[in-house]
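A.B. asks: Okay, sequence plus prediction incoming.
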Amino acid sequence: MILAHLRLRRRVSLLAAGVLEGRERAQALAHLEACGRCGEEYRELVALVRVMEADPARSAEPGVPLALLVERVEREVDRALLTPRGRPRLWLVAVPAAAVLAVAAIVPSVVARFRPRPIASSASIPAAAPAVPDAVLDRLERNVARAQAARYLSQAGDVLVAVAATSDDCDRGAGTVDVGEAPHRSRQLLARRALVVDAGGEAVASARGVLDDVEHALREVAELPSCVRRHDVARVRQQVERERLLMRIRLMTRELEG
Amino acid sequence: MEPSREGAASDRDLMARMARGDREALAPLMERHYRRLYRIALAYLRSPDDALDVVQEAFVKAWESASRWDGSAEAGPWLSRIAVNQSIDRWRRNRRRSATFTPLAEDDHDRALADGGDSPDRGVAGRETRERLARALRTLPERQRAVVVLRHYQDLSLEEIAQTLGMSLGTVKSSLHRALHRMREGLQGAVPR
């Protein structure tokens, strides 16, 4: 009896999900007539399914034009073709290597602290210092910082292109366009900016001018509502064109990526 | 690129060309499927940025794996499966990262998604419900969430879900049943009936 109820309860869920047909559907419907608890659950499940059906994620449009997405994929494909199979990317090597080197640098001094000290003698030779050149660590940190800055600039470029290329009317009527997720993505990027610029220090010094102009443009976009007047989009587009920002982003990204 | 030729090419043709290393086949295949993959990833991850990254990674993966694609299978479900797997990978990475760093609040993503689509009078209630929906989705185990996404965001049948995820029909049914009940409990009182 209980087993039969459990089996039918599963069918009731599937009925609410809209995937039951024929005899199974008829059995589930009959069970709903007889079982008050399942009837209540069924109504809640149907309401849940309706909420999912109304979720904007079902019909959301990517915030980046297809052409840009294709370009990004092709760039990755080119990179994959140039990279021998199985060889990890720079940051995948740099970060663990930095961690290993840092541990290698710390462990000897920790061990030395707890090891009984030998009685010093004038003939004793001082222990060798940990063989981790600061220059190596500096170089790794610099590479990571530059890779982060390149990624930030590339993503900022995507946002600016998305705004500049948008032409979809939004519901508010003529003279307005839908800039979608661009303002939200600008705010997210601006939140990351301090990490990229301040933590990057000298490693990203050559990119400071572009980073500043990008920040200015992102602030403009971040202020926009998702449905915006055409001339506001035109203003951002003109700023991007006037400062040749996309070209400078592309050149600087390449330089940072080495 | 020749638009007329690309327009006539089937998914199978395009996959076969990709398997031979023809990069020109990538763009028309993306044009057909990128929206769908984006929506799968967005429903799964609830973050537009992460969803875009997943679409990009999925097509790179498709390119790399094209030579191993079984020519008798449909390309659509194969691409969906890649997108689901990439979404799961991304979800795990985000979770690991959030254990190390202060993450960008997940609620920000929920809010960004929940903001659209309502008239002002229904706006607040609808937004709150969708934020709770996002949270309820996040509480699901990875595979259960994938089943819900494919059923209720892509309208796939149980058989199509089983094919896409490589699961048995029975597992898909029980996963969907468990997932819906778990979400129902998470949304108790929030869903208008």
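C.D. replies: Thanks, I have it. Numbering: from 1, shown residues only, chains lettered A, B, ... in the order given.

A.B. asks: alpha carbons only for contacts and neighbour counts from here, please
C.D. replies: Will do.

A.B. asks: How many neighbouring residues does residue A:21 have?
C.D. replies: The local packing of residue A:21 (other CA atoms under 10 Å in any protein chain shown) involves 12 other residues.

A.B. asks: Provide the backbone phi and psi angles at it.
C.D. replies: Backbone torsions of residue A:21, given as degrees, to the nearest 10, read phi -140, psi 170.

A.B. asks: any idea which helix or strand comes after the helix or strand of chain A with the lowest mean pLDDT?
C.D. replies: Of all helical and strand segments in chain A, the minimum by mean pLDDT, DSSP states H and E falls on helix A:90-114, at a mean of 57. Next helix or strand after helix A:90-114 toward the C-terminus (DSSP states H and E): helix A:134-165.

A.B. asks: any idea of the mean pLDDT in the first helix or strand past that next one going along the chain?
C.D. replies: Toward the C-terminus, helix A:134-165 is succeeded by strand A:176-178 as the next helix or strand (DSSP H and E). In this model, strand A:176-178 has a mean pLDDT of 80.

A.B. asks: list the helices and strands strand A:176-178 packs on?
C.D. replies: strand A:227-229 (3 or more CA pairs under 8 Å, 6 or more residues apart in numbering or on different chains; DSSP states H and E).

A.B. asks: just how off-centre is the strand it packs on within its chain?
C.D. replies: 26 Å (CA atoms, centre = their mean, to the nearest Å).

A.B. asks: quick one: average confidence on that strand?
C.D. replies: Confidence for strand A:227-229, expressed as mean pLDDT, is 83.

A.B. asks: Okay, now the sheet partners of that strand, with direction.
C.D. replies: Using DSSP bridges, the neighbouring strands of strand A:227-229 in the sheet come out as strand A:176-178 (antiparallel).

A.B. asks: any idea of the pLDDT on residue B:161?
C.D. replies: Note for residue B:161: predicted pLDDT of 96.

A.B. asks: name the element it belongs to?
C.D. replies: Counting by DSSP H and E, the element that carries residue B:161 is helix B:158-165.

A.B. asks: Does residue A:47 belong to a helix, a strand or coil?
C.D. replies: Recorded secondary structure, residue A:47: helix (DSSP: H, G, I helix; E, B strand; the rest coil).

A.B. asks: Do you know the pLDDT at residue 155?
C.D. replies: Defaulting to chain A. Model confidence at residue A:155, expressed as pLDDT, equals 84.

A.B. asks: not what I meant, chain B
C.D. replies: The model reports residue B:155 with a pLDDT of 95.

A.B. asks: Pull up the residues of the stretch 101-250 of chain A that are close to chain B.
C.D. replies: Selection of the stretch 101-250 of chain A residues close to chain B by CA under 8 Å from any CA of the partner chain yields A:181, A:184-185.

A.B. asks: mind putting these in JSON lines, pLDDT, neighbour count and secondary structure included?
C.D. replies: JSON lines is the format used below for those (pLDDT from 0 to 100; neighbours: other CA atoms under 10 Å in any protein chain shown; DSSP: H, G, I helix; E, B strand; the rest coil):
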{"residue": "A:181", "pLDDT": "79", "neighbour count": "22", "secondary structure": "coil"}
{"residue": "A:184", "pLDDT": "83", "neighbour count": "22", "secondary structure": "helix"}
{"residue": "A:185", "pLDDT": "84", "neighbour count": "22", "secondary structure": "helix"}
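
A.B. asks: anything in the helix holding residue B:161 sitting right up against chain A?
C.D. replies: Yes: using CA under 8 Å from any CA, a contact is recorded between helix B:158-165 and chain A, made by residue B:158.

A.B. asks: Any buried residues in that helix, and which?
C.D. replies: B:158, B:161-165 (16 or more other CA atoms under 10 Å in any protein chain shown).

A.B. asks: Give the full set of residues in contact with residue A:233.
C.D. replies: A:163-164 (CA atoms under 8 Å, 6 or more residues apart in numbering or on different chains).

A.B. asks: Point me to the helix or strand that includes it.
C.D. replies: For residue A:233, the host element (DSSP H and E) is helix A:230-242.

A.B. asks: tilt between the helix or strand following that helix and helix A:134-165?
C.D. replies: The element immediately downstream of helix A:230-242 (helix or strand, assigned by DSSP H and E) is helix A:245-257. Inter-element angle recorded for helix A:245-257 and helix A:134-165: 160 degrees (by axes from the mean of the first three to the mean of the last three CA atoms, to 10 degrees).

A.B. asks: that older thread, from the chain's centre, how far out does the helix holding residue A:233 sit?
C.D. replies: 26 Å.

A.B. asks: pLDDT weak spots in the chain?
C.D. replies: No chain in the question, so chain A it is. Scanning chain A for pLDDT under 70 picks out the ranges A:1-4, A:82-133, A:167-169, A:171-174.

A.B. asks: Actually, chain B is the one I wanted.
C.D. replies: Across chain B, residues meeting the criterion (pLDDT under 70) sit at B:1-8, B:98-125, B:189-193.

A.B. asks: returning to what we had before: which one of the buried residues of helix B:158-165 sits closest to chain A?
C.D. replies: Chain A has its nearest neighbour among these in residue B:158, at 7.1 Å by CA to the nearest CA.

A.B. asks: Isn't residue A:221 up against residue A:186?
C.D. replies: Yes: with contacts defined as CA atoms under 8 Å, residue A:221 counts as touching residue A:186 at a distance of 6.5 Å.
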